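# predicted model and sequence follow; I will ask about them next.
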Amino acid sequence: MADSLHPPRQSMRRVVLASLIGNALEWYDFFLYGTAAAIVFNKLFFPAVDPIAGTIAAFGTYALGFAARPIGGIIFGHFGDRIGRRAMLVTTLTLMGLTTALVGVLPTYQQIGLWAPILLTVLRIVQGIAVGGEWGGGVLLISENADPKRRGMQTALGQSGVSIGFVLSAAVFALLSGTTSTEAFQSWGWRIPFLVGVVLMVVGLVIRMNVLETRSFAQVQRRHETERFPVLAAIRKHPRAVVVSFGARLAENGGSYIFLVFVLTYASHIGIPQWVTLVGVILGELLEAFTMPLWGALSDRVGRRPVYLGGAIAMIVWAVPFFALLHTRETWLVWLAVVVANAACHSAMIGVQASFFSELFGSGVRYSGVALGHELASVLAGGLSPLIATVLLAWSGSWWPVAAYLGLLGLLTVAALAWAPETRVRDLDAVGQPEPAQPASELAR
């Protein structure tokens, strides 16, 4: 008979699969917007301005989705720490799927004028709220059930769903843009990937409805240790953890959206065919889906901080070669630039992030704490990085300021990690709990 604290192997496989597939479907929806913002939204929803200004406007609505993510993190983190992880994950997936489908049927500026960008912005904000509550819950679904000695690898497998979601969104866009005329793609082709989100939502819901609540939260409920206001409790009990997770996230998230979203706009700006960049991004994300668990497994052996720090330093070093290789306009060198940026630099950080952040917070506030640090950073990093990069490009006409911006994000993360504790050996159920009292005989020794 299996120990109740250590579920049988097939149970853990089911948990990992549920997190991976749920992540893939939810992030497919979220990444669709970023890809569309870089390729078509400037023409369909902001046509009254020049191309660069239209792209800035499209990335502006993109950034609003990130601004809404802390709201989602607070809302779903609150109820996730009071009601449970599983119920919140079902809710966020449903909200994201329905919102994405509505984007797919949204009239354009030519059809309804100013209402088009307004409605697009509203839907993007709702998307941001949904995904802001998703990541923390998806992470905890695995980390709070994982084998402590393999937590890094197992949580990284769930994180691979983020890459798979991006690959799906980019691949669908690449397929449609490559098989339809420019007119057809801008008329109806771009809508298909958004409408497919409804089907994917149903698949994800079926999988998540068959997963039980996590062990750690079940113990919190049994001990009646749920907090009335988990977000405030997380800040009060774990202020260092909130700051560390915020800072550690800056390079990972900001760099990611330079390498995945801004690169699509920049490559087109310097004359690289759109399909070349999209294929490079897809290759990079496919490889990252496999390298994440490798970095996670390495962190199980050497620690979370060394691996995460290596990724941040690698991003700083790669910032200049990344743009230099793009400017060769050679297909294989463009692919090399994007693949290394994603499958090596970014992967080392995000592959460790789920286990590292989970181990920073106590079980009673873990959903809220993880979501708070993670999503606050997403506003300043991922949400603004394509916009900031585009503004820097428009201002300077050069890639050097963008490379410097990547370096700055990397340095901020290095500083946060210097203040971070090593968490690899922590017992998740003991984090934040009072130290057991020692017998008087032990204290007298």
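Ah, there it is.
# any weak-confidence spans in this protein?
Confidence mapping of the chain against pLDDT under 70 gives the ranges 1-11, 38, 48-55, 58-59, 62, 431-445.
# buried sites along whichever helix in it runs longest?
For the chain, the helix with the greatest residue count under DSSP state H is helix 9-39. Within helix 9-39, the residues scored as buried using 16 or more other C-beta atoms under 10 Å are 12, 14-16, 18-39. The C-beta positions use only the backbone N, C-alpha and C, and glycine is treated the same way.
# that one - contacts with which helices or strands?
helix 51-67, helix 85-104, helix 115-143, helix 151-179, helix 191-208, helix 263-269, helix 385-396 (3 or more C-beta pairs under 8 Å, 6 or more residues apart in numbering; DSSP states H and E).
# what is the orientation angle of that helix with helix 151-179?
40 degrees (axes from the mean of the first three to the mean of the last three C-alpha atoms, to 10 degrees).
# report the distance from the very next helix or strand once past helix 9-39 to the chain centre.
Using DSSP states H and E, the helix or strand that follows helix 9-39 towards the C-terminus is helix 41-44. Taking C-alpha atoms, centre = their mean, to the nearest Å, one finds helix 41-44 lying 25 Å from the centre of the chain it belongs to.
# same check, this time on stretch 113-128
21 Å.
# now do the buried residues in that stretch.
With burial defined by 16+ other C-beta under 10 Å, the residues of stretch 113-128 counted as buried are 116, 117, 119, 120, 123, 124, 125, 126, 127, 128.
# so which of the helices and strands packed on helix 9-39 is nearest residue 333?
Taking C-beta to C-beta, helix 263-269 is the member of the helices and strands packed on helix 9-39 nearest to residue 333, at 12.0 Å.
# contacting residues around the closest one?
Helix 263-269 is touched from outside by 35, 38-39, 55, 274, 276-278, 281, 326, 334, 338, 386, 389-390, 393, 399, 402, with contacts defined as C-beta atoms under 8 Å, 6 or more residues apart in numbering.
# quick one: buried residues of it?
263, 264, 265, 266, 267, 268.
# what sits against residue 23?
Taking C-beta under 8 Å, 6+ apart, one finds 134, 138, 158, 159, 160, 161, 162, 164, 165 in contact with residue 23.
# for those, give me TSV that also has distance to residue 93 and neighbour count.
Below are the contacts of residue 23 laid out as TSV (distance: C-beta to C-beta, whole Å; neighbours: other C-beta atoms under 10 Å):
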residue	distance to residue 93	neighbour count
134	7	28
138	10	29
158	14	29
159	17	29
160	17	25
161	12	25
162	14	26
164	15	21
165	12	26
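# which element is residue 276 on?
With DSSP H and E as criterion, residue 276 is part of helix 274-302.
# ignore the last one, residue 319
Using DSSP H and E, residue 319 sits within helix 304-326.
# how close does residue 130 get to residue 402?
When distance is defined by C-beta to C-beta, to the nearest Å, residue 130 is 30 Å away from residue 402.
# those two - which one has more neighbours?
Comparing residue 130 with residue 402 by other C-beta atoms under 10 Å, the one with more neighbours is residue 130, at 27 against 23.
# contacts only, for that one.
Here residue 130 is in contact with 26, 72, 92, 93, 95, 96, 99 (criterion: C-beta under 8 Å, 6+ apart).
# also residue 315?
With C-beta under 8 Å, 6+ apart, residue 315 has these contacts: 251, 255, 341, 345, 346, 349, 406, 409, 410.
# in terms of helices and strands, where is the last one?
Yep, that's residue 410 we're talking about. helix 400-419.
# and that helix, what does it pack against?
Other helices and strands packing on helix 400-419, by 3+ C-beta pairs under 8 Å, 6+ apart, are helix 239-257, helix 304-326, helix 385-396.
# now, of these, which is deepest in the fold?
Per-stretch averages of neighbours, counted by mean count of other C-beta atoms under 10 Å, single out helix 239-257 among the helices and strands packed on helix 400-419, with a mean of 24.
# that older thread, and the angle for the longest helix of the chain with helix 385-396?
Per the same axes, to 10 degrees, the angle that helix 9-39 makes with helix 385-396 is 30 degrees.
# regarding residue 425, what is its secondary structure?
Here residue 425 is coil, with the state taken from DSSP: H, G, I helix; E, B strand; the rest coil.
# distance of it from residue 294?
For residue 425, the distance to residue 294 - C-beta to C-beta - is 21 Å.
# and the two? which has more neighbours close in?
Taking other C-beta under 10 Å, residue 425 and residue 294 do not tie; residue 294 has more neighbours (15 against 9).
# residues contacting that one?
Neighbours of residue 294 in contact, by C-beta under 8 Å, 6+ apart: residue 351.
# now the one 4 residues further on
Neighbouring residues of residue 298 by C-beta under 8 Å, 6+ apart: 152, 307.
# same thing but at 10 Å, please
Listed by C-beta atoms under 10 Å, 6 or more residues apart in numbering, the contact set of residue 298 reads 152, 153, 156, 304, 306, 307, 310, 348, 351, 352.
# and of those, the nearest to residue 418?
The nearest member of the contacts of residue 298 to residue 418, counting by C-beta to C-beta, is residue 306 at 12.2 Å.
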